[in-house]
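In: Give me a 3D structure for the following:
(one chain, ligands or ions: 1)
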Amino acid sequence: MAKSTHQLFKYLLLSEESLSPEQESALKEHLRECAECRQQEAAWTNVQQMFERAPVLPPAAGFTVRLQERMAVQRVQAQRKRAWTFFGVTAGIALVLSALLVYVTVQEIISPLQLLSKGIYFFVMLFGYYRQISSFVGSVNPAIPILSITGLVFFTGFVSLLSVLWVVAYRKLSSMRRIIS
Ligand SMILES: [Zn+2]
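Out: Have a look, this model is predicted:
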(Lines give C-alpha, C1' and ligand atoms only; values in the text may rest on other atoms or scores of the structure.)
Protein backbone atom coordinates (compact mmCIF):
# COMPACT_ATOMS: atom_id res chain seq x y z
CA MET A 1 0.00 0.00 0.00
CA ALA A 2 1.47 3.31 -1.08
CA LYS A 3 2.14 5.89 1.60
CA SER A 4 0.02 8.54 -0.16
CA THR A 5 -3.02 6.22 -0.25
CA HIS A 6 -2.57 5.55 3.48
CA GLN A 7 -2.46 9.33 4.13
CA LEU A 8 -5.62 9.79 2.07
CA PHE A 9 -7.51 7.26 4.19
CA LYS A 10 -6.25 8.86 7.39
CA TYR A 11 -7.58 12.13 6.08
CA LEU A 12 -10.91 10.52 5.13
CA LEU A 13 -11.15 8.98 8.62
CA LEU A 14 -10.86 12.38 10.27
CA SER A 15 -12.90 14.18 7.69
CA GLU A 16 -16.07 15.72 9.00
CA GLU A 17 -17.60 15.88 5.57
CA SER A 18 -19.71 12.92 4.54
CA LEU A 19 -17.89 10.55 2.22
CA SER A 20 -19.06 9.48 -1.19
CA PRO A 21 -20.13 5.78 -1.50
CA GLU A 22 -16.92 5.09 -3.44
CA GLN A 23 -14.77 6.72 -0.76
CA GLU A 24 -16.63 4.85 1.96
CA SER A 25 -16.20 1.41 0.35
CA ALA A 26 -12.54 2.14 -0.39
CA LEU A 27 -12.02 3.21 3.22
CA LYS A 28 -13.71 0.07 4.54
CA GLU A 29 -11.54 -2.03 2.29
CA HIS A 30 -8.43 -0.22 3.48
CA LEU A 31 -9.42 -0.63 7.13
CA ARG A 32 -9.72 -4.35 6.65
CA GLU A 33 -6.13 -4.41 5.46
CA CYS A 34 -4.50 -1.68 7.55
CA ALA A 35 -4.19 -2.16 11.31
CA GLU A 36 -2.84 1.35 11.85
CA CYS A 37 -5.88 2.97 10.26
CA ARG A 38 -8.21 0.61 12.17
CA GLN A 39 -6.58 1.75 15.39
CA GLN A 40 -6.95 5.34 14.41
CA GLU A 41 -10.58 4.85 13.50
CA ALA A 42 -11.24 3.25 16.90
CA ALA A 43 -9.46 6.08 18.67
CA TRP A 44 -11.36 8.67 16.65
CA THR A 45 -14.69 6.96 17.37
CA ASN A 46 -13.77 6.96 21.05
CA VAL A 47 -13.02 10.64 21.01
CA GLN A 48 -16.29 11.40 19.23
CA GLN A 49 -18.24 9.31 21.75
CA MET A 50 -16.51 11.13 24.58
CA PHE A 51 -17.56 14.44 23.09
CA GLU A 52 -21.11 13.21 22.67
CA ARG A 53 -21.33 11.83 26.20
CA ALA A 54 -19.71 14.82 27.89
CA PRO A 55 -22.36 16.97 29.59
CA VAL A 56 -22.67 20.50 28.36
CA LEU A 57 -21.21 22.37 31.29
CA PRO A 58 -22.94 25.59 32.17
CA PRO A 59 -20.60 28.55 32.16
CA ALA A 60 -19.14 29.47 35.51
CA ALA A 61 -21.49 31.59 37.58
CA GLY A 62 -18.93 34.35 37.75
CA PHE A 63 -18.65 34.37 33.99
CA THR A 64 -22.45 34.71 33.56
CA VAL A 65 -22.59 37.49 36.12
CA ARG A 66 -19.64 39.25 34.52
CA LEU A 67 -21.24 38.90 31.09
CA GLN A 68 -24.54 40.24 32.37
CA GLU A 69 -22.75 43.09 34.12
CA ARG A 70 -20.82 43.88 30.96
CA MET A 71 -24.04 43.78 28.91
CA ALA A 72 -25.75 46.03 31.45
CA VAL A 73 -22.81 48.44 31.33
CA GLN A 74 -22.91 48.37 27.53
CA ARG A 75 -26.65 48.97 27.59
CA VAL A 76 -26.19 51.94 29.93
CA GLN A 77 -23.37 53.24 27.76
CA ALA A 78 -25.55 52.88 24.65
CA GLN A 79 -28.39 54.68 26.43
CA ARG A 80 -25.99 57.37 27.59
CA LYS A 81 -24.64 57.70 24.06
CA ARG A 82 -28.19 57.98 22.70
CA ALA A 83 -29.02 60.52 25.40
CA TRP A 84 -25.90 62.55 24.57
CA THR A 85 -26.70 62.37 20.86
CA PHE A 86 -30.24 63.52 21.58
CA PHE A 87 -28.90 66.25 23.88
CA GLY A 88 -26.37 67.30 21.27
CA VAL A 89 -28.96 67.49 18.50
CA THR A 90 -31.41 69.32 20.77
CA ALA A 91 -28.68 71.67 21.97
CA GLY A 92 -27.68 72.30 18.37
CA ILE A 93 -31.25 73.14 17.41
CA ALA A 94 -31.59 75.29 20.54
CA LEU A 95 -28.33 77.04 19.67
CA VAL A 96 -29.53 77.77 16.14
CA LEU A 97 -32.89 78.98 17.49
CA SER A 98 -31.09 81.10 20.12
CA ALA A 99 -28.85 82.60 17.44
CA LEU A 100 -31.98 83.29 15.39
CA LEU A 101 -33.66 84.80 18.45
CA VAL A 102 -30.61 86.97 19.19
CA TYR A 103 -30.59 88.05 15.55
CA VAL A 104 -34.30 88.86 15.67
CA THR A 105 -33.84 90.57 19.05
CA VAL A 106 -31.02 92.70 17.71
CA GLN A 107 -33.14 93.54 14.68
CA GLU A 108 -36.11 94.38 16.90
CA ILE A 109 -33.99 96.44 19.29
CA ILE A 110 -32.23 98.25 16.49
CA SER A 111 -35.44 99.27 14.79
CA PRO A 112 -36.94 101.05 17.86
CA LEU A 113 -33.50 102.55 18.52
CA GLN A 114 -33.29 103.70 14.94
CA LEU A 115 -36.83 104.96 15.26
CA LEU A 116 -35.82 106.77 18.47
CA SER A 117 -32.72 108.28 16.90
CA LYS A 118 -34.78 109.29 13.88
CA GLY A 119 -37.37 110.68 16.28
CA ILE A 120 -34.70 112.64 18.17
CA TYR A 121 -33.27 113.87 14.91
CA PHE A 122 -36.78 114.79 13.77
CA PHE A 123 -37.47 116.50 17.11
CA VAL A 124 -34.19 118.43 16.97
CA MET A 125 -35.03 119.51 13.43
CA LEU A 126 -38.55 120.40 14.54
CA PHE A 127 -37.14 122.25 17.55
CA GLY A 128 -34.84 124.16 15.21
CA TYR A 129 -37.77 125.00 12.94
CA TYR A 130 -39.90 125.82 15.99
CA ARG A 131 -37.26 128.24 17.27
CA GLN A 132 -36.94 129.84 13.90
CA ILE A 133 -40.70 129.95 13.44
CA SER A 134 -41.29 131.13 17.02
CA SER A 135 -38.66 133.80 16.69
CA PHE A 136 -40.25 134.81 13.40
CA VAL A 137 -43.77 134.54 14.78
CA GLY A 138 -42.69 136.08 18.08
CA SER A 139 -41.39 139.07 16.27
CA VAL A 140 -44.66 139.39 14.39
CA ASN A 141 -47.25 137.98 16.82
CA PRO A 142 -46.59 137.11 20.51
CA ALA A 143 -48.42 133.72 20.26
CA ILE A 144 -45.43 131.69 21.55
CA PRO A 145 -47.30 129.98 24.47
CA ILE A 146 -49.78 128.44 22.02
CA LEU A 147 -46.96 127.16 19.79
CA SER A 148 -45.02 125.79 22.75
CA ILE A 149 -48.14 123.99 23.99
CA THR A 150 -48.61 122.48 20.52
CA GLY A 151 -44.97 121.43 20.53
CA LEU A 152 -45.32 119.93 24.01
CA VAL A 153 -48.43 117.96 22.95
CA PHE A 154 -46.65 116.77 19.83
CA PHE A 155 -43.57 115.79 21.85
CA THR A 156 -45.64 113.93 24.46
CA GLY A 157 -47.54 112.10 21.75
CA PHE A 158 -44.33 111.17 20.02
CA VAL A 159 -42.71 109.86 23.24
CA SER A 160 -45.80 107.85 24.15
CA LEU A 161 -45.85 106.37 20.63
CA LEU A 162 -42.20 105.34 21.11
CA SER A 163 -43.02 103.86 24.54
CA VAL A 164 -45.85 101.84 23.02
CA LEU A 165 -43.53 100.61 20.28
CA TRP A 166 -40.96 99.64 22.91
CA VAL A 167 -43.52 97.80 25.04
CA VAL A 168 -44.87 95.94 22.01
CA ALA A 169 -41.37 94.96 20.89
CA TYR A 170 -40.42 93.84 24.42
CA ARG A 171 -43.62 91.82 24.90
CA LYS A 172 -43.12 90.15 21.52
CA LEU A 173 -39.53 89.23 22.41
CA SER A 174 -40.28 87.97 25.91
CA SER A 175 -43.22 85.86 24.66
CA MET A 176 -40.94 84.40 21.98
CA ARG A 177 -38.34 83.64 24.62
CA ARG A 178 -40.98 81.89 26.73
CA ILE A 179 -42.03 79.70 23.79
CA ILE A 180 -38.42 78.68 23.09
CA SER A 181 -37.48 77.79 26.68
ZN1 LIG B 1 -3.86 2.71 6.58
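
In: Pretty sure residue 41 sits against residue 13.
Out: Yes - between residue 41 and residue 13 there is a contact at 5.4 Å, judged by CB atoms under 8 Å. Placement of C-beta: from N, CA and C, glycine included.

In: What parts of the protein come near the ion?
Out: 6, 34, 37 (CB under 5 Å from the ion).

In: what helix or strand does the first one sit in?
Out: Which is residue 6. Secondary structure assignment for residue 6, by DSSP states H and E: helix 3-14.

In: Tell me the buried residues in that helix?
Out: For helix 3-14, a neighbour-count test (16 or more other CB atoms under 10 Å) marks 9-10, 12-13 as buried.

In: So which residues make contact with it?
Out: Residues outside helix 3-14 that contact it (CB atoms under 8 Å, 6 or more residues apart in numbering) are 19, 23, 26-27, 30-31, 34, 36-37, 40-41, 44.

In: Name the next helix or strand downstream of that helix, please.
Out: Counting by DSSP H and E, the next helix or strand C-terminal to helix 3-14 is helix 21-33.

In: Show residues contacting that next one.
Out: Outside helix 21-33, the residues that touch it by CB under 8 Å, 6+ apart are 1, 5-6, 9, 12-13, 19, 37-38, 41.

In: what do you get if the cut-off is 6 Å, keeping everything else the same?
Out: By CB atoms under 6 Å, 6 or more residues apart in numbering, the surrounding residues in contact with helix 21-33 are 9, 12, 37-38.

In: Of those, which is the nearest to residue 124?
Out: Proximity to residue 124 was ranked across these by CB to CB; first place goes to residue 12, at 111.3 Å.

In: Quickly note the distance from the closest one to residue 25.
Out: Residue 12 sits 11 Å away from residue 25, taking CB to CB, to the nearest Å as the criterion.

In: Could you do residue 54 as well?
Out: For residue 54 relative to residue 25 (CB to CB), the value is 32 Å.
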